[in-house]
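K.L.:
What would the 3D arrangement of this be:
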Amino acid sequence: MGNIENREVCRDKDICGGCVYQGVPYEEQLSNKFGEVKGLLDKKDIRYGELLPIEGAPARYGYRNKMEYTFGDMEKNGPMTLGMHKKKHFMSIVTVDQCQLVHEDFNTILRGVLDFTSSRGYTHYHKKAHKGLMRHLIVRRGIRTGELLVNVVTSSEDGFDESAFVEMIRALPLENQVVGILRTINDRLADAVYCDELRVLWGRDYYNEEILGLKFKVSAFSFFQTNVDAVERLYSYAVSLIDDFENKEVFDLYCGTGTITQVLARKAKEVIGIELVEEAVEAAKANAALNGLENCRFLAGDVFEVLDRLPDKPEVIVVDPPRVGISSNALEKIIGYGVKQIVYISCNPKSLADNLYYMQYYGYEIKSVKPFDNFPGTKHTECVAVLEKVEK
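P.N.:
As a prediction, this is how the structure comes out:
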């Protein structure tokens, strides 16, 4: 099971909405997640060849490489807090400076930023009044490189002392190395991080990471796998399921920043990665160039629309869709290619079951499904399924 440590139950377990499994023995967490996957598949009458045992995480604690914290308060007009939304109370924010899912540097940075902003009397952004300066704090870490990126998100209101902020961050006692300090200006009404303007206050606007021997530059807002050690296992397993893709045309759908696309490109003739988020596609292109891979192409757009106008025909398909799963029109298009093998990587067992039901109906046999626990302590479960076209 790897590095499965034991720690005291988190101080904030009853109020923070982040972890549902605090204090639950790890074997029980795995059993519950496996049971949930099995229940969802059976409810949809998925005829799978094998439902393989759940793969536990390499580490239960300190595994997250990114956190997005929100400024707010616990009680109306109370002192400013910085952290996560309180369980079942969206307007209240819990200061989570003892979080166990992140490296201790994250907690040190969070506390430093909260002390800095509070001591200067900065106000947090009020969701209803749409006024206030401080909105979010995003911390990202390169697990293999030990690089940290700190991004403070504010409104465009006056008063934020950028040089003092840089000085404070650089003086913090951290184990990892800060390589970039950023300020994002966001004046949108929605309670989400948008970038109206990105300022590099010090250093650079990306950190470096390595996965399965490939190098990645991860920019401030790029999507990237949250648990690097666990995703290496998952991707290695997923790629090992493909019988033979040497010198074949492979489609990697919903490819994000192209991690698995590049893993596949080391053997395939050509891999085409398709992703909706344009910034992720630009990052994927840059990362492929960084790794000297010339046999992968990345296309931006909705998967169905891109496939509809793409003349290429794949021989193998890998899909890694968002939580909502694959839309019905994209699914129809994917099935229409009639490829022998499809590998489906899922971050939501419910949408996986829905999609497998449809694929099963249209002539694909589900050879195996294997759950992975990439996010211990939380409710999330990943799965890898391999499907083969039934020969008539």
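
K.L.:
Now for Glu197, how many residues are close by?
P.N.:
As a burial measure, Glu197 scores 10 neighbours (other Cβ atoms under 10 Å). From N, CA and C alone the C-beta is placed, and that goes for glycine too.

K.L.:
Give me the three-state assignment for Glu305.
P.N.:
Following DSSP: H, G, I helix; E, B strand; the rest coil, the label given to Glu305 is helix.

K.L.:
Also Val139?
P.N.:
Secondary structure of Val139, reduced to three states by three-state DSSP: strand.

K.L.:
and it, what are its bridge partners?
P.N.:
With DSSP bridges applied, the residues forming beta bridges to Val139 are Met67, Val150.

K.L.:
Just confirm it contacts Ile109, I think it does.
P.N.:
Yes - counting by Cβ atoms under 8 Å, Ile109 is a contact partner of Val139 at 5.5 Å.

K.L.:
So for those two, which residues contact both of them?
P.N.:
By the contact definition Cβ atoms under 8 Å, 6 or more residues apart in numbering, Val139 and Ile109 are jointly contacted by Leu148, Val150.

K.L.:
Next, the contact list for the nearest residue to Arg266 once chain neighbours are set aside, please.
P.N.:
Leaving aside its chain neighbours, Arg266 sits nearest to Leu293 (7.5 Å; criterion: Cβ to Cβ, 6 or more residues apart in numbering). Leu293 is in contact with Gln262, Ala265, Arg266, counting by Cβ under 8 Å, 6+ apart.

K.L.:
I'd like those as CSV, with neighbour count, pLDDT and distance to Val166 appended.
P.N.:
Converted to CSV, those look like this (neighbours: other Cβ atoms under 10 Å; pLDDT from 0 to 100; distance: Cβ to Cβ, whole Å):
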residue, neighbour count, pLDDT, distance to Val166
Gln262, 27, 97, 34
Ala265, 23, 96, 39
Arg266, 15, 94, 40
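
K.L.:
Out of the residues you listed, which is nearest to Phe251?
P.N.:
In terms of Cβ to Cβ, no member of these lies closer to Phe251 than Ala265, at 12.2 Å.

K.L.:
Surely that closest one is in contact with Gly292?
P.N.:
No - Ala265 is not in contact with Gly292 according to Cβ under 8 Å; the separation is 10.3 Å.

K.L.:
Between these two, which contacts overlap?
P.N.:
Residues within reach of Ala265 and of Gly292 at once, by Cβ under 8 Å, 6+ apart: there are none.

K.L.:
Any idea what the closest residue to Leu253 other than its chain neighbours is bridged to?
P.N.:
Leaving aside its chain neighbours, Leu253 sits nearest to Val319 (4.6 Å; criterion: Cβ to Cβ, 6+ apart). With DSSP bridges as the criterion, the beta-bridge partners of Val319 are Leu253, Tyr344.

K.L.:
Could I get the contacting residues of Val319?
P.N.:
When contacts are counted by Cβ under 8 Å, 6+ apart, Val319 touches Leu253, Tyr254, Ile326, Ile334, Ile342, Val343, Tyr344, Ile345.

K.L.:
For Phe223, grab phi and psi.
P.N.:
Dihedral angles of Phe223 (phi, psi; degrees, to the nearest 10) stand at phi -70, psi 140.

K.L.:
so it sits right up against Ala280, yeah?
P.N.:
Yes - look at Phe223 against Ala280 with Cβ under 8 Å: they come within range, at 5.4 Å.
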